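Q: Mind looking at a prediction? Sequence and model below.
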Protein chains: 2
Amino acid sequence: MTPPHRREERPLAALLAPDILALLDESPGDVAAETEELHPANLADVAAELPVERVPELLRALPPARAADVLEYMEEELRSEVLEAMSAPQAAQILSEMTPDDRADVLEELEEEVADEILSEIPQEARRETEGLLAYPAESAGGIMTTEFVSVPEYLSVEDALEAVRALARTGRREAMYAIYATDADGRVRGVMSLRELLAAPPGARIADVSWTDVLSVPATADREEVAQIIAKYDLVAVPVVDPATGRALGVITVDDVIDAIVEEQTEDVQRLGAVEPLEMPYMQTGFFEMIRKRAGWLSILFLGEMLTATAMGYFEGELERAIVLAIFIPLIISSGGNSGSQASSLIIRAIALGEVRLGDWWRVALRELPSGLVLGSILGLLGVGRVVLWQGAGWYDYGPHHVRVGLTVGATLVGIVTFGTLAGSMLPFLLRRFGFDPASASAPFVATLVDVTGLSLYFGIALLLLRGSLL
Amino acid sequence: MTPPHRREERPLAALLAPDILALLDESPGDVAAETEELHPANLADVAAELPVERVPELLRALPPARAADVLEYMEEELRSEVLEAMSAPQAAQILSEMTPDDRADVLEELEEEVADEILSEIPQEARRETEGLLAYPAESAGGIMTTEFVSVPEYLSVEDALEAVRALARTGRREAMYAIYATDADGRVRGVMSLRELLAAPPGARIADVSWTDVLSVPATADREEVAQIIAKYDLVAVPVVDPATGRALGVITVDDVIDAIVEEQTEDVQRLGAVEPLEMPYMQTGFFEMIRKRAGWLSILFLGEMLTATAMGYFEGELERAIVLAIFIPLIISSGGNSGSQASSLIIRAIALGEVRLGDWWRVALRELPSGLVLGSILGLLGVGRVVLWQGAGWYDYGPHHVRVGLTVGATLVGIVTFGTLAGSMLPFLLRRFGFDPASASAPFVATLVDVTGLSLYFGIALLLLRGSLL
C-alpha cells in the first residue's frame, strides 16, 4: 500500500502552491518566514506544483542555505530547468551552500556550458574542490563521496580532539559527523572512532590509543556497488575513500549516499530483466521518443532471434501438414520452457547480485538446477498428458485415433524443454557476467527465445520418434 | 564485477579455519587473543568454514560480547543450528549481550521451544523487552526497531544533557547514538537533535529551545517498506517509532536496519517477477524440495492458464489445416507480445515501488503506453512483413502464391499484439496492487500467458479477414 505520508503529501503540496504563489506576488519578503516549518523535501514538492518559471522566484525568496536544501530534494529535471533559468551568480550563490559532493552531482546534471558558467562564479577554494570531484566518474566511490569529513591528528589528546570537534561543529558544516578519523602526518587514515566513543574516552588518553586501528577504506576508483556491498556487509555508517596511489584520505561515503545507489542499481536491474535499457529519468518524466529508444532496440533484437522459430517451423512444415494436431500444443510447450527459464534466471541473477554465488559456482548451480528442472518438467509433463487424456475421454476434443501417442509426445517434450529451460536460465546470467555484461541484461526474454527454438526442434524430434508409423 | 574484498575473503576464512581448529584443540584459552584483530564479519566467515559441531566451542572460547557480534554476522541457518546445539544458559549468556532488537530477530529464527527455553534463562528486564519486541510482526516497524535509544527530558540544559549523554556513552550500550530525542513528561517525542548539534549548542540553553521540533516518526504498526521510503526520502539516519495509540516513543529504526529491508524486498520482487515464491533462505542454502515447492505452484498455474492456447488453437484447427503456413509464425507472434508485456510490466512495477506513480495514475500510464505500444508494434510489424517478402523474394522459403497477404496478416497481428501486450503489461501491476497483491507477483509470465491466448485469436481473426477467398 502507499505509505501514509505519501498519500497526504501531494495534496498538501497542491494545497499550498496557490498560497505560495499569492505570497510571491504580494510580499515575497514573507515567503521565508511563512514556509519555515516545512521540511525541505515538502517545500520541494510544493515547488513541483508551481509553474516552472516561478520556481526561481521562490528560491530567491529563501535564504541561500535553505534554497540549497530545497533544490537538493527536487526531481533532477526540474532542478536543471530552474538552475538554467537563473542567472549564473544567483545559481552559484545557492550552490555554494551545498556540500562539495552534492554540488558536483547537481552540476553534472546541467548542460556543460551552463555548469561551467556557474562554476566560474563559485569562490575559488570551493570551486577547486568541486572540480576535483567532477573528475571522478559519477558511479565511482570518488563520484559519490563527500570531501567534508572530520579528521584529527592521531597525536592529539581526547580532550583536545573533543575541543577541535566542538569548534568544527559550531562552524555549521552540514555533513553529519558519523565518524572521526585519526590521521598521520601524511594524511593517511590510521584510526577511527564514533563521536560517542570520543565522548566516552578517558580525557587524558591520546587519540592513537583509543581509536580503532582496523579501518576499512575504499579506493576512489571503486565502483559504488562495491562500496554499497562493503557498507552493508560490515554494517558501517560511513567508509573513508582513499587515493589509490598514496593512501591519503580524500573523503567519506555515508550510508545515505549508498541507499540511493542501491535503489538506483535495483531499478536498473529490474528494467534490464524486462529487456528495457535502464531509463535515466523517472518513468513519468521520460519523454516519448526516449522511451521508444530504450525499448525498441531489445525488442527488435529479440524479434530477430525469434525469427529462427519461423525457420524451424518451416523446416517441419511437412510433418505439421500430416499431423496438424501437433500445432495445437506449440504455444503451451514453448511458453512452459520460457516460464521455467524465467524462474531460474531471476533466482540466479539475484543470488549473484547478493554475492551468494560466484562465477566459479556455475557447476554447483548446474548440479542443483538439473534435478530441479527434471522434477518440474515431470510435473508439467503429467499435467500435459492428463490434459490430452481427459479432454479426449470426456469428448471435449478429438485428438484423433493416436491421441495416446500425441499425449506422450507432449508430455515427453515438456520434461525435456522445462529441464533445458531451467538449465539455460540458470547458466545465462553466469555467461553474461563472464563476458562483462550485467547478468540481468534481458536474460529472461533471451532464455525464452533460446528455449523456443530448441523446444520446437525437440518437439518435432520426439514426434518423429513416437508417431512414426502412426501419424507421421 | 565481484568486489575485491569478497574475492579475498573466502580464501582468507578457509586459510584460517585449520589454525583455529588446532588452537581449539590445543589451547582454547588463546583463541580470543589470537582472533582479536579480525572483524566479527570475517570471524563469522571462518566459523562457516569449520565443521558445524565445532562452532559452539569457538563461541564459548570468545568473550560473550564478542561471541554475540560474531553470531550476528553469521548466516541465519548456521546461527540457528549453533544456538540449538548449545545449552540454553550458554546461548542465553551470549544473546544477553545483543541489543533487544537483534536478540528478538535471532530468537524468531529458532524453533519455538528452543527460543522459549533460551528466553527463560535471560535476565528478567531484558527478557521482558525482548518479549515485547517479539509481539510485533517481523516486517513491521515494531519488528525491526531497537528499543535502545537516547532520550533526554526536554527541560534539561544543554550542559546537563551532554553530561547525561556522556554518562550513557560510558555504560557501553552498543547502538550508535545517531540522534538524541527530547521527550515530554509522558514520553512523547517533542524534539530531535544530532550529537553534533548538541555539542555545538550554547551550554546554557534548554534542550526544548535548541532541538528541532519537527520530528518525523512512524507508528510501530507501519510496514518496514514504508519506513524505508520515509528514511530514503528525507535522508534520515534514524526515525523514532511511536505507539500508535499514545504517541509514546518505543524505539528507533536506524538506516542500516533499513538497508537490509530494502535489499530483502528487492530480492523478493525479482523472484516474484520471475514467478518464484520468495525464498526464505539464500539460494545455495535452500533445500531441494523447498526449491521445488517455491517454483512448482506458479509454474503449474501458468501452465493451466496457457492450456487455453490449446483450446484456442483447436478452435481454429480447420483454418490451420487449410493454411498451414499460418502455423509457422505462431511462436514469433506470441513471443513478441510476451516480450513487450515484460517491458511494460517491469517499468511500471519499479515506478510503483519507487512511488513515482500511484494507483490513481493508471489512466495516465495507459495514455502513455498506448501510443508506445503502437509505435513498437509498427516497428516489429514492418520487420515481420520484411521477413516474409525478403525470404520469398530471395527464394529462401516459399510461403505460397498468397505470400503478400500472409505477410500483411503477420504484420497487422504484430501491431495489434504488441499494443495489447504493452497495455496489458502496464495495467496488470496496478490491478494486482488494487486487490492487495504485490505488483510484481508473476506479472511478466502472467501477461505473457494472457497475451498468448488473445494473440492467437487476433491472429486467426485477422487471417480470416485478409485471407478469405484466397487461402481461407
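A: Good, I have the coordinates. Numbers count the residues shown, from 1 in each chain, chains lettered A, B, ... in the order given.
Q: Show me the contact partners of stretch A:371-384.
A: A:329, A:332, A:336, A:340, A:344, A:407, A:410-412, A:414-423, B:288, B:291-292, B:295-296, B:299-300, B:303-304 (Cβ atoms under 8 Å, 6 or more residues apart in numbering or on different chains). Where C-beta positions appear, they are placed from N, C-alpha and C, glycine not excepted.
Q: Quick check: the gap between the residue nearest the centre of chain A and residue B:262.
A: The centroid of chain A falls nearest to residue A:265 when counting by Cα atoms, centre = their mean (1.6 Å). The gap separating residue A:265 from residue B:262 is 11 Å, by Cβ to Cβ, to the nearest Å.
Q: Same question for residue A:244.
A: Taking Cβ to Cβ, one finds residue A:244 at 29 Å from residue B:262.
Q: So these two - more neighbours on which side?
A: residue B:262 (20 against 14; other Cβ atoms under 10 Å in any protein chain shown).
Q: For that one, which non-adjacent residue is closest in space?
A: residue B:228 (5.1 Å; Cβ to Cβ, 6 or more residues apart in numbering or on different chains).
Q: Just the pLDDT for the nearest residue to residue A:253 once chain neighbours are set aside.
A: Spatially, and ignoring its direct neighbours in sequence, residue A:253 is nearest to residue A:145 (4.9 Å; Cβ to Cβ, 6+ apart). At residue A:145 the predicted local confidence, pLDDT, stands at 87.
Q: how many other residues sit next to the nearest residue to residue A:177 once chain neighbours are set aside?
A: Nearest non-adjacent residue to residue A:177, counting by Cβ to Cβ, 6+ apart: residue B:196, 4.6 Å away. Neighbour count for residue B:196, taken as other Cβ under 10 Å: 20.
Q: where in the stretch 1-150 of chain A is pLDDT low?
A: The model of the stretch 1-150 of chain A has pLDDT under 70 over residues A:1-11.
Q: Quick one: the helices in it, in order.
A: A:4-26, A:31-34, A:40-49, A:55-61, A:64-73, A:76-85, A:88-95, A:100-109, A:112-120, A:124-134, A:141-144 (DSSP state H, counting those that start in this stretch).
Q: C-alpha coordinates for the third one, CSV please?
A: The C-alpha coordinates for helix A:40-49 follow below in CSV (Å, rounded to 0.1, in the frame of the first residue of the first chain):
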residue,chain,number,x,y,z
PRO,A,40,12.7,21.0,2.6
ALA,A,41,11.5,17.8,1.0
ASN,A,42,7.9,19.0,1.3
LEU,A,43,8.9,22.5,0.0
ALA,A,44,10.4,20.8,-3.0
ASP,A,45,7.1,19.1,-3.6
VAL,A,46,5.4,22.5,-3.4
ALA,A,47,7.9,23.8,-6.0
ALA,A,48,7.0,20.9,-8.3
GLU,A,49,3.3,22.1,-8.2
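Q: ok, residues contacting it?
A: A:9-10, A:12-14, A:16-17, A:20, A:35, A:38, A:55, A:58-59, A:66, A:69-75, A:78, A:82, B:233-234.
Q: how about a cut-off of 7 Å?
A: By Cβ atoms under 7 Å, 6 or more residues apart in numbering or on different chains, the residues outside helix A:40-49 that reach it are A:9, A:12-14, A:16-17, A:20, A:35, A:55, A:58, A:69-70, A:73-75, A:78, B:233-234.
Q: Of those residues, grab the buried ones for ChimeraX.
A: The buried residues among the contacts of helix A:40-49 can be selected in ChimeraX (16 or more other Cβ atoms under 10 Å in any protein chain shown) with this line:
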select /A:9,13,16,17,20,35,55,58,69,70,73,74,75,78 /B:233,234
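Q: now residue A:466: how far from residue A:459?
A: Where residue A:459 is concerned, residue A:466 sits at a distance of 11 Å (Cβ to Cβ).
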